[in-house]
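> My questions are about this predicted structure, shown below with the sequence.
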Amino acid sequence: MKPIKINKNNFILRAIECQKCNSKIIHPKDEQEYINFSNLKKKQFTVKMRFVGNSYAVSIPKEIVTFMKDQERIMDNMVSLCLEELGRVRLDFTYPKERYENNLKGKIKDIQ
């Protein structure tokens with residue numbers, strides 16, 4: 001068995017893989033965190049938009065912030081914000097450059 005990292009929906013999971021049969025065993029803690037992520041992703045939150053100074057602010061529900069802190073993401077860093085389409089705004093807390101470089105090096109395997 002060889003240790004690997006698996007990218008499942010942009011969620012990095014530690015695992016081990018058999019070189020002979022290609023079977024994979026995901027680390028139980030990572031698997032539980034992914035299940036928590038999937039359950040949180042299925043929820044839809046209703047939040048208020050407020051006017052603050054010359055900008056608008058939207059509160060992020062505590063469940064999401066707690067999950068992100070559990071994942072050791074630093075909330076004080078700048079995030080990416082873009083208008084994807086009419087009526088849809090995206091906040092991105094990821095580090096795309098690091099993910100891109102890791103995928104180039106072949107360290108992370110993508111699975112569906």
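Cool, the structure landed. Residues are numbered from 1 along each chain as shown.

> Going by C-alpha atoms from here, please, whenever you check contacts or count neighbours.
OK.

> which residues in the chain form helices?
Shown for the chain, the helices assigned by DSSP state H span residues 28-42, 62-70, 96-104.

> angle of the longest one against helix 62-70?
Here helix 28-42 runs at 150 degrees with respect to helix 62-70, directions being taken by axes from the mean of the first three to the mean of the last three CA atoms, to 10 degrees.

> returning to that earlier point: would you convert the helices of the chain into JSON lines that also reports mean pLDDT?
Below are the helices of the chain laid out as JSON lines (pLDDT from 0 to 100):
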{"stretch": "helix 28-42", "mean pLDDT": "90"}
{"stretch": "helix 62-70", "mean pLDDT": "81"}
{"stretch": "helix 96-104", "mean pLDDT": "52"}
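
> Can you say which of those is nearest to Cys18?
For Cys18, the closest of the helices of the chain is helix 28-42, at 17.0 Å, according to CA to CA.

> Can I get that closest one in PDB, CA atoms only?
Presented in PDB, the C-alpha positions along helix 28-42 are these (Å, rounded to 0.1, in the frame of the first residue of the first chain):
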ATOM      1  CA  PRO A  28     -11.600   7.700   8.300                       C
ATOM      2  CA  LYS A  29     -11.200  11.200   9.700                       C
ATOM      3  CA  ASP A  30     -10.900  12.700   6.200                       C
ATOM      4  CA  GLU A  31     -13.900  10.600   5.100                       C
ATOM      5  CA  GLN A  32     -16.000  12.000   8.000                       C
ATOM      6  CA  GLU A  33     -15.000  15.500   7.200                       C
ATOM      7  CA  TYR A  34     -16.000  15.000   3.600                       C
ATOM      8  CA  ILE A  35     -19.400  13.700   4.700                       C
ATOM      9  CA  ASN A  36     -19.800  16.800   6.900                       C
ATOM     10  CA  PHE A  37     -18.800  19.000   3.900                       C
ATOM     11  CA  SER A  38     -21.300  17.200   1.700                       C
ATOM     12  CA  ASN A  39     -24.100  17.600   4.200                       C
ATOM     13  CA  LEU A  40     -23.300  21.300   4.600                       C
ATOM     14  CA  LYS A  41     -23.100  21.800   0.900                       C
ATOM     15  CA  LYS A  42     -26.700  20.400   0.500                       C
END
